[in-house]
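> can't give you the sequence, but here's the structure:
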């Protein structure tokens with residue numbers, strides 16, 4: 001994935017978040033140059049992987065299989081604070097999906113934070129870690145409802161879905177909805193969850209690279225969460 005695409009999608013995300021009234025923490029705006037003056041006081045940002053996360057999952061097809069996230073908060077055992085939760089903002093371009101996946105431990109709420117509609121599809125994982133056709137019972141905004149495996153579920157702005165461990169999921173911005181930025185429409189989803197461990201807790205239905213290789217076709221404007229330099 002090219003660095004120019006990484007930086008461009010981060011700028012799009014910042015514009016979209018501002019457009020719908022979402023205010024971001026200072027570290028969302030820190031440049032590579034800004035990080036040169038950051039010492040150990042920022043270790044929680046480094047170790048909890050707060051900040052920008054852009055990936056094509058090693059598939060080489062970012063417009064179809066990709067993700068741009070901003071991790072706002074996340075727990076870490078290094079600090080002994082008892083922080084056992086995480087929160088993210090996710091850029092949802094129309095029809096851009098992550099690969100189908102589930103989590104071993106993390107329970108999360110996916111929340112439509114605004115812009116347009118989100119489409120979600122769900123499957124229960126079987127004992128081989130693959131999708132089952134068994135129908136499900138799910139919770140939308142605290143209400144229990146029956147759900148047919150794989151059916152497209154629409155979340156309108158303000159609605160949320162609880163995704164427990166072992167539930168395969170995939171979601172994206174619905175085509176024709178969302179805020180128009182440079183010829184494409186975008187929605188924002190939020191994720192509120194247990195502590196997020198992107199190294200060990202993700203289970204993909206097919207081979208993926210969670211943090212993909214970056215082709216340095218231009219100097220980086222922002223570090224991604226797995227690229228931070230150590231404190232000087």
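Received it, and whenever you're ready, just let me know what you need. Predicted model, so just to flag it, every value in this text is computed and none were measured.
> helix, strand, or coil at residue 23?
coil (DSSP: H, G, I helix; E, B strand; the rest coil).
> could I get the phi/psi values of it?
Dihedral angles of residue 23 (phi, psi; degrees, to the nearest 10) stand at phi -100, psi 140.
> where does pLDDT dip in this structure?
77-81 (pLDDT under 70).
> packing partners of the longest strand anywhere in it?
If you go by DSSP state E, the chain has its longest strand at strand 184-194. Helices and strands touching strand 184-194, by 3 or more CB pairs under 8 Å, 6 or more residues apart in numbering; DSSP states H and E, are helix 3-19, strand 85-93, strand 108-114, strand 167-173, strand 179-181. Using the backbone N, CA and C atoms, a C-beta is placed for each residue, glycine as well.
> list the buried residues in it.
185-194 (16 or more other CB atoms under 10 Å).
> that older thread, any chance of a markdown table for the helices and strands packed on strand 184-194, columns mean neighbour count and distance to residue 32?
Shown next, in a markdown table, are the helices and strands packed on strand 184-194 (neighbours: other CB atoms under 10 Å; distance: least, CB to CB, whole Å):
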| stretch | mean neighbour count | distance to residue 32 |
| --- | --- | --- |
| helix 3-19 | 18 | 10 |
| strand 85-93 | 22 | 21 |
| strand 108-114 | 21 | 28 |
| strand 167-173 | 21 | 29 |
| strand 179-181 | 15 | 24 |
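> now those as TSV including distance to residue 199?
Output for the helices and strands packed on strand 184-194, formatted as TSV (distance: least, CB to CB, whole Å):
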stretch	distance to residue 199
helix 3-19	20
strand 85-93	14
strand 108-114	17
strand 167-173	19
strand 179-181	32
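> which among the ones you listed is found nearest to residue 211?
Between residue 211 and those, the tightest spacing by CB to CB is seen for helix 3-19, at 11.6 Å.
> next one: the helix or strand just after the closest one to chain centre, how far?
Downstream of helix 3-19, the first helix or strand assigned by DSSP states H and E is helix 43-47. Its chain's C-alpha centre and that of helix 43-47 lie 18 Å apart, by CA atoms, centre = their mean, to the nearest Å.
> now do stretch 1-15
14 Å.
> can you count the residues close to residue 175?
Neighbourhood size, residue 175 [other CB atoms under 10 Å]: 13.
> quick one: contacts for it?
94-95, 185 (CB atoms under 8 Å, 6 or more residues apart in numbering).
> tell me which of the buried residues of strand 184-194 is nearest to residue 147?
Of these, the one sitting nearest to residue 147 (CB to CB) turns out to be residue 189, at 18.3 Å.
> mind checking how far the closest one is from residue 149?
21 Å (CB to CB, to the nearest Å).
> then residue 45?
In terms of CB to CB, residue 45 sits 39 Å off from residue 149.
> about what we covered before: closest one to residue 100 among the helices and strands packed on strand 184-194?
Nearest of the helices and strands packed on strand 184-194 (CB to CB): strand 167-173, 5.0 Å.
> gap between the closest one and the chain center?
Taking mean C-alpha positions (CA atoms, centre = their mean), strand 167-173 and its chain are 11 Å apart.
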